[in-house]
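Novice: Predicted model, plus sequence, below.
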Amino acid sequence: MTDKPLIAILEDEPGIRRIMSETLEAAGFRTQCFARATEFEAALRHITPDACLVDLGLPDRDGLALVHRLATESGAAIIIVSGRTQVQDRVTGLELGADDYIIKPFEPAELIARLRARLRRPPAQTRADQRNRASFAGWTADFDQYALISPDGAETPMSHAEAEVLRMFLDNPRRLISRAQMLEILGGAGGESFDRAMDVRISRLRSKLGEDPKNPQLIKTIYGAGYIFLAEIGWS
């Protein structure tokens with residue numbers, strides 16, 4: 001057994017793949033590398049990585065489609081590592097469920113810092129390991145299974161990014177959370193891409209919670225100030 005986080009690296013360029021693996025292993029991570037999406041997806045049936053580093057320019061699969069699938073089916077943190085520099089590429093990647101976006105060429109120290117930030121547990125979670133299920137307004141959030149359970153028992157999966165946002169709200173009920181506080185709690189590069197990603201994740205959470213988008217009752221928008229989560233929370 002090992003406590004070292006497992007990082008799956010999907011990168012078709014051998015030199016970059018080697019640098020990423022060596023850098024991360026020197027920093028205390030375990031790595032498993034893949035050159036093609038088909039190999040990577042087959043391996044996911046047998047391994048459970050803590051994070052996935054995904055290149056978008058893959059020879060056998062659209063990288064953005066793969067990111068979206070990982071976000072909806074995997075509990076791993078997802079970081080895109082790509083040479084695509086356009087703001088729209090970054091925004092699209094984050095909207096599809098990635099947790100962060102690193103542009104090539106990158107500094108090894110930046111890669112390590114970004115990865116550690118995505119794997120860092122929220123401070124409130126460190127109080128007790130049993131804080132993995134929360135009940136509110138008839139709903140249950142299971143952060144071990146990355147699932148939302150409705151009042152009638154129906155289960156809906158959450159992406160890693162959606163779970164992070166929901167956890168932020170559940171750890172801070174009935175408190176106004178500004179964009180700046182979101183960035184501090186969740187990490188990331190900030191700016192337009194961060195704001196757009198938060199809007200999308202909050203919209204998806206509202207949809208999964210059955211909220212009326214014109215008049216949400218749980219996740220309220222305070223225009224010009226931030227968001228507030230209006231429910232009593234029970235942890236177990």
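Specialist: Arrived safely, thanks for sending.
Novice: In contact with Ile222: list those residues for me.
Specialist: Ile222 makes contact with Leu176, Ile228 under the criterion C-beta atoms under 8 Å, 6 or more residues apart in numbering. Using the backbone N, CA and C atoms, a C-beta is placed for each residue, glycine as well.
Novice: Tell me, what's the model's pLDDT at it?
Specialist: With respect to pLDDT, Ile222 scores 91.
Novice: what do you get for Arg90?
Specialist: Residue-level pLDDT assigned to Arg90 equals 83.
Novice: In three-state terms, label it for me.
Specialist: helix (DSSP: H, G, I helix; E, B strand; the rest coil).
Novice: burial of it, as a residue count?
Specialist: By the criterion of other C-beta atoms under 10 Å, Arg90 has 25 neighbours.
Novice: That one contacts Tyr101, correct?
Specialist: Yes - at 4.6 Å, Arg90 counts as touching Tyr101 under the criterion of C-beta atoms under 8 Å.
Novice: care to break this structure down by domain?
Specialist: Structural domains annotated on the chain: 6-119, 124-235, as defined by automatic domain parsing.
Novice: can you tell me which helix in this protein is longest?
Specialist: helix 191-208 (DSSP state H).
Novice: pLDDT score assigned to the residue positioned nearest the centre of the chain?
Specialist: Per C-alpha atoms, centre = their mean, the C-alpha nearest to the average position across the chain is that of Ala161, at 2.8 Å. At Ala161, the model reports a pLDDT of 79.
Novice: for the one helix or strand it maps to, packing partners?
Specialist: Ala161 is part of helix 160-171 when elements are defined by DSSP states H and E. Under the contact definition 3 or more C-beta pairs under 8 Å, 6 or more residues apart in numbering; DSSP states H and E, helix 160-171 sits against strand 77-82, strand 139-142, helix 179-186, helix 191-208, strand 226-229.
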